[in-house]
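Peer 1: here is my input; please provide its structure:
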Amino acid sequence: MKVVDDLSRESFGSRLGFILVSAGCAIGIGNVWKFPYVAGENGGGVFVLFYLLFLVIMGIPVLTMELAVGRASRQSVVQGYKALEPAKSKWHIHGWFCILGCYLLMMYYTTVSGWMLGYFFKFACGTFSGISTDAVDGVFSAMLSSPGEMILWMAITVVGGLVVCSFGLQKGLERISKFMMLGLLLLIIVLAVNSITLDNAAEGLKFYLLPDFGRAAQEGLGKVITAAMNQSFFTLSLGIASMEIFGSYMSKEHTLGGESARICAVDTFVALLAGLIIFPACFSFGVEPNAGPPLIFQTLPKVFANMPGGRIWGTLFFLFMTFASFSTVIAVFENLLASCMDNFKWSRKKSAIVNAFVLLIASLPCIFGYNIWSELKLINGQDVLGSEDFIVSNILLPLGALIYVLFCTTKFGWGFDNYLAEANTGSGLRLPRWLKNYLRFVLPVLIIIIFIQGLI
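Peer 2: The predicted structure follows:
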């Protein structure tokens, strides 16, 4: 078993820092934007039950594998593979696809994160105060049609994120992530309490949390199960090494099974509470809970505009959304900077400056796809953002996760014994050896199912 013990490697200042940074990477727009509307489209409570099941049997195992590769190698993804792979094998080629996936993710994620920041300022400045319900949709349309405004919010996100990462792991990423994550958790609790005290909130809670197999059958139980499987897998952004880098900064004091469970618990807590904010509010104000992607930028602002103290609640909600999206941005930026430092031996400052130029330019097509390139349709007739997201979510994530599973469980890669030994190093929850056949034969099939569904 080849293990690199790099004493010069940066490390987290505390266990809490590691958990909050890693959870911050997992917690993002998918938790707060996608989880509620997918739950709404797929029958509420039954979807939530299956989501939790698949999170345990799929999400946690793959997360331990990414972390294991990082912690055993003490390197970012390409060099991590090289340190652990058998001689003359080419597993490290996947590492370059992981880096490509992180860049591709940030090419549109920074734009959407900029939307969150823009809406925070719009609510704080009173843009939505006293406007009609129809005018709410116009605010979002006006933003999309203005490349200058979207470039401004995107640039603030990119430059701000890279400035944070340029200060280093502990002084930059860990310090800011602790502040944002603790603020995020406080905000989501306050917002959830406000929502569940609204009139008719109980109907929203019943829709969201009470399993109704009759309603799920109307949607199609198979559809509900596959939607839950997809969401539980994608919520952690596994497969493009966004988590592997944090394994390289970890101590060996605690087992990876226990730490992965804690990361998933925080991630799931935020996703579930996002539903407690959204569904009671929707039912209280007569809004369809299965509104789909427009839920955040068109449906909820209408709710806040009609709610007593709506300007305050809308401001707090989009501050929470800004924290959720920005925590993911800086976590992925850290992966990109670490890859540049490990592969090209650049300094952290040089890596930050180069990536600032690259990402500011690479993010422009996503923005232009809503205005000057609005006629441009790419994959399956989707716009630029949809096409970029398709490549990351439907191809790179599932295929990348499959490669991690094969690398960690077969004799052609790192091997199950080496993986299990690394995962069980330290105190805490230990993975049993009898999981070997499940991880080798069943988990790959589940991931392949997700991949095929994504392509279809």
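
Peer 1: where does residue 101 land on pLDDT?
Peer 2: Model confidence at residue 101, given as pLDDT, is 96.

Peer 1: now do the one 10 residues further on
Peer 2: Residue 111 carries a pLDDT score of 96 in this model.

Peer 1: element containing it, please.
Peer 2: Using DSSP states H and E, residue 111 sits in helix 93-124.

Peer 1: buried residues, the very next helix or strand once past that helix. List them.
Peer 2: Moving toward the C-terminus from helix 93-124, the next helix or strand (DSSP H and E) is helix 133-144. Across helix 133-144, burial judged by 16 or more other CB atoms under 10 Å covers 136, 137, 139, 140, 143, 144. C-betas here are computed from N, CA, C, even on glycine.

Peer 1: counting neighbours, what do you get for residue 119?
Peer 2: By other CB atoms under 10 Å, the residues close to residue 119 number 27.

Peer 1: what does residue 254 give?
Peer 2: Using other CB under 10 Å, residue 254 has 18 neighbouring residues.

Peer 1: isn't it up against residue 428?
Peer 2: Yes. Assessed by CB atoms under 8 Å, residue 254 is found in contact with residue 428 at 4.8 Å.

Peer 1: buried residues, the particular helix or strand that has residue 451 in it. List them.
Peer 2: Per DSSP H and E: residue 451 is located in helix 443-455. In terms of neighbour count (16+ other CB under 10 Å), helix 443-455 has its buried residues at 443, 444, 446, 447, 450, 451, 454.

Peer 1: let me know the closest of these to residue 189.
Peer 2: Among the buried residues of helix 443-455, residue 450 lies closest to residue 189 (CB to CB), at 32.0 Å.

Peer 1: just give the closest residue to that closest one, not the sequence neighbours.
Peer 2: Distance criterion CB to CB, 6 or more residues apart in numbering; nearest residue to residue 450, sequence neighbours excluded, is residue 398 at 5.0 Å.

Peer 1: now do the same for the one you found: its pLDDT.
Peer 2: In this model, residue 398 carries a pLDDT of 93.

Peer 1: okay but residue 446 is in contact with residue 59, surely?
Peer 2: No. Applying CB under 8 Å as the test, residue 446 and residue 59 come out as separate, 10.9 Å apart.

Peer 1: please enumerate residues in contact with the lowest-mean-pLDDT helix or strand in the chain?
Peer 2: Least confident helix or strand, the chain: helix 29 with a mean of 75, by mean pLDDT, DSSP states H and E. Residues from elsewhere that reach helix 29, judged by CB atoms under 8 Å, 6 or more residues apart in numbering: 109, 112, 113, 116, 321, 324, 325, 328.

Peer 1: what's the most distant pair in these?
Peer 2: Greatest spatial distance among the contacts of helix 29 (CB to CB): 109 and 321, at 12.9 Å.

Peer 1: what is the rounded mean pLDDT of the helix holding residue 451?
Peer 2: The average pLDDT within helix 443-455 is 92.

Peer 1: can you give me phi and psi for residue 254?
Peer 2: Backbone torsions of residue 254, given as degrees, to the nearest 10, read phi -130, psi 150.

Peer 1: name the nearest residue to it, sequence neighbours excluded.
Peer 2: residue 426 (4.4 Å).

Peer 1: and what of residue 258?
Peer 2: residue 428 (3.1 Å).

Peer 1: and the spatially closest residue to residue 446 that is not a sequence neighbour, what does it touch?
Peer 2: Closest residue to residue 446 apart from its sequence neighbours, by CB to CB, 6+ apart: residue 58 at 5.9 Å. The contact partners of residue 58, taken as CB under 8 Å, 6+ apart, are 229, 232, 233, 443, 446, 447.

Peer 1: good, we can wrap up now.
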